[in-house]
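# Make a model of this:
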Amino acid sequence: MEHSMTPESLWQRYARIWSSEPAIRASEMEACLSDGCTYCDVNGPLQGREALSGYMGQFQQSVAGGRFEIVSVIHHHDRMLAEWRLLGPDGAVLQTGRSFATAASDGRLKSITGFFDS
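Got it, this is the predicted structure:
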């Protein structure tokens, strides 16, 4: 990870991947996510960037034009908590939640767990 990337800019960049074209997705995921990263939300756990990329593709099909907006990021040591909103193509808020993550020694996201508000 670029050392100039703050936790806030890392989360902004990661959030954009969810609505990125597949061609852009792979390189951006490598920049933001460590090797052997894990992801888990209410739909279950995923292992590795490729599995998460496939999940992002499914997300794009089910929420056409959806994009994530990072509201805030708090962090200490290798732990981060991001608050986010999922916006529809018209800017309406479809979902809110938080994601907790740990960072690898190089600063990239290592383990991400998403929580959706009911």
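# Could you use CA atoms for every contact and neighbour count after this?
Will do.
# where do the helices sit along the protein?
7-17, 22-32, 49-62 (DSSP state H).
# Distance to Val71 and mean neighbour count added to these, as TSV?
Output for the helices of the chain, formatted as TSV (distance: least, CA to CA, whole Å; neighbours: other CA atoms under 10 Å):
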stretch	distance to Val71	mean neighbour count
helix 7-17	9	19
helix 22-32	18	15
helix 49-62	20	15
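# any chance of those in TSV, plus mean pLDDT?
TSV is the format used below for the helices of the chain (pLDDT from 0 to 100):
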stretch	mean pLDDT
helix 7-17	97
helix 22-32	95
helix 49-62	96
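# Write down the beta-bridge partners of Gly44, one by one.
Asp41 (DSSP bridges).
# any idea how far Ala26 is from it?
Per CA to CA, to the nearest Å, Gly44 is found 21 Å from Ala26.
# hmm, back to that, same list (the helices of the chain) but as a markdown table, adding distance to Ala82.
Listed next are the helices of the chain as a markdown table, based on distance: least, CA to CA, whole Å:
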| stretch | distance to Ala82 |
| --- | --- |
| helix 7-17 | 7 |
| helix 22-32 | 15 |
| helix 49-62 | 18 |
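# Looking at these, which is nearest to Val73?
Smallest distance to Val73 across these (CA to CA): 5.9 Å, for helix 7-17.
# Which residues does the closest one contact?
With contacts defined as CA atoms under 8 Å, 6 or more residues apart in numbering, helix 7-17 is touched by 24-25, 28-29, 32, 67-70, 72-73, 75, 80, 82, 108.
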